[in-house]
Structures are given as structure tokens and as C-alpha cells.
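In: Model the structure of this input:
(one chain, ligands or ions: 1)
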Amino acid sequence: MSSPAAIALDRVTKVYDKPVVSDISLEVPEGSFVTVLGPSGSGKSTILQMIGGFLQPTAGRILFAGTDMTALPPNKRPCNTIFQDLGLFPHMTVAENVAYGLKVRGVDPATRRKCTTEMLAIVALEGYERRRIHQLSGGQRQRVALARALVLDPAVLLLDEPLTGLDERLRQQLRGEISRLHRRLGATILAVTHNQDEALSLSDRIIVLRAGRIEQIGTPREVFERPANAFVARFVGFDAILKPERVDSGIADWHARVAGRDIRCEPPVSRDPAHDYVLVLRPERIRIADPKERSDLGPLTVISTAYKGRDVEVESRLVDGQALKFLISADPGVAVPASGSSIEIVWEPMKPLLLPDALVEP
Ligand SMILES: Nc1ncnc2c1ncn2[C@@H]1O[C@H](COP(=O)(O)OP(=O)(O)OP(=O)(O)O)[C@@H](O)[C@H]1O
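Out: Residues are numbered from 1 along each chain as shown. The predicted structure follows:
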């Protein structure tokens, strides 16, 4: 028999004046890195706080390694939480912050010093022992918070938006460090974030959350390449979305009719004919057709263009009035179409995904 999951949520609900987490069941396998990804207000922090024991669920159970710990306080649970504000003690030095938990546990001073030194080396902060917290950069503070949690050797580490508020270079550096720490220490990590890049690069498994409900659970590749519905698709960058007049199912390809053209699509994962479907595409996979090329969609009118650094965003409209945004290269060799001009586009060899429409807020 396989060992029980490090963390399991069994039909967990949290209600304030309305439900903010609704009937959620999930498992975090031992040693894995799982990320809960969702927009602001979708219930990510609430889930993390219920797992950490800082909030009590209205209904459902929270289990650690198969044992129900729903009623236990935070300090009785085999996990450690790093909150968004990190919660470091500003009046203590780096070493005192890291050693604090060991002191509370009654560990002797010599062992405390040894463990603290080792952990500071792991997070690349040797030589910073005597610094005060206000003398550190944002990234260094994050690493102190990690060291302080990891020195207690928790079976499970909970991270609330671990890289929020850091600049892009630091994010990338810390992302790598967290990933290395995870591999080296073998701890189970559950992180919550609204940042898709973070979820993509760190996790073994992603749980996409929307308004307190799970929309999809899968590997980063599954979620980013085969989103379950239009909500997940938009969240992971399939921003070019079209509504078909009609959808015809086939054995291999499905066809969708948009503005009078039949479009070959990837068949949907769930073939429920009761769904309303939308076509989704990654905006960077679309390009303007050469005059001799057969286009993949009917003619479009350019509404406006906006320079975005690496790309130019083109806002256009189909003959049926639908809007379509896509990106073309900002390379000087690529012509930017004039507003009001008529263009044709291609996306082949990629085919649009046909997904259940779930853009309406629940
Ligand atoms: N104490 C509370 N009383 C009432 N509603 C609350 C309370 N705490 C949170 N909420 C509501 O619960 C919902 C989920 O909040 P939560 O903080 O879990 O979201 P989140 O996904 O972590 O958001 P963010 O990414 O912005 O941190 C929000 O609509 C929030 O307003």
C-alpha cells in the first residue's frame, strides 16, 4: 500500500458571510512541491491558514500523514508556515531569528549554534549571523525566513506567496534556491501564489483555484498545455479567445465555425455536448499571414496596436464583431499593421483548443 499523503484535505469548507472555500479535497504527496494557483481572493491564503491551524474550517477534515489534525493548534502540527510578511523578529539578529524555534524547543546552545550555522550556509547567508533584519535586502529576508522554518526540520513547509514583492532578478534567483532546497532536504512543500511563472517553475503539481473551488489539478505541463476550461486557459496565458457559432465533433479533429469559416480544433478533453465551447489560442502563436498564404481565419480589421517591448499587441475585430488580441514580434523587420487596415492571420501548425466556456464568474 502506498503511504498516506503528507497533507490531505477532505471536503474542506470555510464560510464567513459567504463560502470562500467550498468542499475542497486535495492531496499533497510526501516529498512533493505542490502549488495552489489562483487569482486574488480565490481562497489561497484561507486554505493555507486552515492547513497551518491558524483558521478552523467550517466543515471537513485536515490530515497529516493520514492522521486527522483538524482540531489541533498550529504548534502541534508537523508543519511550518512562512507568511507573506515573513514574521521575522526585527529586534533580533539573523542568527537569533534562525535559532529562535530551537530555543523554544529547549535545544542546548551549542547544538543551536551548529544547526543555525549549517542552515545559514544552505541559504547562502554565511557571514550575516550578526546582522539585524532591517539591514537586509528583501531577498535576504526571505532566505532568513526560509532558514528559520527549515532549521526545525518540518515535515511540511507552507509558503504564502513566497516571492511576492521582490524584483524580477531576485525572484529568479530565489526560485532556483527554493527548488534546490526542496531537492536537497526532501521536505514536502505547499505554496500558494497568483503568479503563473512561479507555479510553473517550482511545482510538481498545480492546483488551480477559482472562487474557492478547484478548477484543475495537474502537472505544470498538463495545466499549461491542456487547460481544463476557458478560465484556466486565460489564467495561464491563452488570451486569444473566440466564441464559435457552431461546433462539430469529429473522430480526430473537431471543427468550429467562426465568422463563416470552419476552423480545425484540438478535441476537448471532456466531450460533453452540453457545454458551450470557446476556442482558445496563445496570442504569441498567431502571426499575420503573408499575402500568398492561406489564412486560418476570415479577414480582421485592426483596431489599434501597442508596443510592449518584446512584442506589439494587435487589437483586431472579426466581421462578426468579435474582438481578438494577439502579439506580433516587435523586431524591426516585422511590419506593424496600420489601424483600420484589413489583415489575415495564421496560427498553424498549432490548432486552437476547444474548451468548455467558464469565463462567467460563478
Ligand atoms: N476574516 C474574514 N471575514 C470575511 N471574509 C474574509 C475573511 N478573510 C478572508 N475573507 C474573504 O475570503 C476570500 C478569500 O480570501 P483569501 O485571502 O483566502 O484569498 P487569496 O486567494 O489568498 O487572495 P490574495 O491573493 O489576494 O491574498 C476573499 O473574498 C476575502 O475577502
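
In: which residue sits closest to Ala252, ignoring its sequence neighbours?
Out: Residue nearest to Ala252 in three dimensions, not counting chain neighbours: Pro267, with 7.4 Å by CB to CB, 6 or more residues apart in numbering. (Glycine included, C-beta is placed from N, CA and C.)

In: Write out the residues of the protein neighbouring the ligand.
Out: Taking CB under 6 Å from any ligand atom, the part of the chain that reaches the ligand is made up of 16, 20, 38, 40-46, 194.

In: From those, list just the buried residues.
Out: The neighbour-count criterion (16 or more other CB atoms under 10 Å) marks 20, 38, 42-46, 194 among the residues of the chain next to the ligand as buried.

In: In the helix ranked longest in the chain, which residues are buried?
Out: As assigned by DSSP state H, the longest helix anywhere in the chain is helix 168-185. Neighbour counts over helix 168-185 (16+ other CB under 10 Å) mark 170-171, 174-175, 177-178, 181-182 as buried.

In: Buried residues in stretch 276-294, which are they?
Out: Using 16+ other CB under 10 Å, the residues of stretch 276-294 that count as buried are 277-283, 285-289.

In: Which ones among the residues of the chain next to the ligand map onto helices?
Out: Cross-referencing those with the helices (criterion: DSSP H) gives 44-46 as the overlap.

In: Return the closest of these with respect to Ser329.
Out: Minimum distance to Ser329 across these is 34.8 Å, recorded for Lys44 (CB to CB).

In: close enough to count as contact, that closest one and Arg210?
Out: No - counting by CB atoms under 8 Å, no contact exists between Lys44 and Arg210, whose distance comes to 10.7 Å.

In: got any residues that touch both of the two?
Out: Common neighbours of Lys44 and Arg210 (criterion: CB atoms under 8 Å, 6 or more residues apart in numbering): Gly38.

In: Quick check: Val123 touching Leu146?
Out: Yes - using CB under 8 Å as the test, Val123 is close enough to Leu146 to be in contact (5.6 Å).

In: re earlier: and the buried residues of stretch 276-294 as TSV, adding distance to Ile189?
Out: Formatted as TSV, the entries for these read as follows, by distance: CB to CB, whole Å:
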residue	distance to Ile189
Tyr277	36
Val278	34
Leu279	36
Val280	30
Leu281	33
Arg282	29
Pro283	32
Arg285	32
Ile286	36
Arg287	39
Ile288	43
Ala289	46
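
In: Between these, which sits nearest the ligand?
Out: The shortest gap between the ligand and any of the buried residues of stretch 276-294 belongs to Val280, at 23.5 Å (CB to the nearest ligand atom).

In: Validate this expectation: the closest one resides in a strand.
Out: Yes - per DSSP: H, G, I helix; E, B strand; the rest coil, Val280 lies within a strand segment.

In: count of neighbours near the closest residue to it other than its chain neighbours?
Out: What sits nearest to Val280 in space, not counting adjacent residues and going by CB to CB, 6+ apart, is Phe238, at 4.0 Å. By the criterion of other CB atoms under 10 Å, Phe238 has 23 neighbours.

In: How much space separates Ser22 from Arg11?
Out: Between Ser22 and Arg11 the computed distance is 10 Å (CB to CB, to the nearest Å).

In: the more surrounded of these two?
Out: Summary of the neighbour comparison: Ser22 and Arg11, criterion other CB under 10 Å, with Ser22 having more neighbours (18 against 12).

In: What strand or helix carries the more buried one?
Out: With elements delineated by DSSP states H and E, Ser22 resides in strand 19-28, which encompasses its position.

In: Also Asp197?
Out: In this structure, Asp197 sits in helix 196-202 according to DSSP H and E.

In: Of all the residues in that helix, which ones are buried?
Out: 196, 198-202.

In: Please apply the same query to stretch 150-161.
Out: When burial is assessed from 16+ other CB under 10 Å, stretch 150-161 yields the following buried residues: 150-152, 154-161.

In: What residues sit buried inside stretch 82-97?
Out: By neighbour count, and taking 16+ other CB under 10 Å as the criterion, the buried residues in stretch 82-97 are 82-83, 86, 88, 93-97.

In: Repeat that for stretch 59-78.
Out: Applying a neighbour-count criterion of 16+ other CB under 10 Å, the buried positions in stretch 59-78 are 60, 62-65, 69-70, 77-78.

In: Also stretch 225-233?
Out: Judged by neighbour count using 16+ other CB under 10 Å, the buried positions of stretch 225-233 are 226-233.

In: quick one: the helices in this protein?
Out: Counting by DSSP H, the chain forms helices over residues 44-52, 94-104, 109-122, 138-150, 168-185, 196-202, 220-225, 230-235, given from the N-terminal end onward.

In: Including distance to Pro337, could those helices go into CSV?
Out: Output for the helices of the chain, formatted as CSV (distance: least, CB to CB, whole Å):
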stretch, distance to Pro337
helix 44-52, 40
helix 94-104, 55
helix 109-122, 53
helix 138-150, 42
helix 168-185, 31
helix 196-202, 29
helix 220-225, 29
helix 230-235, 25
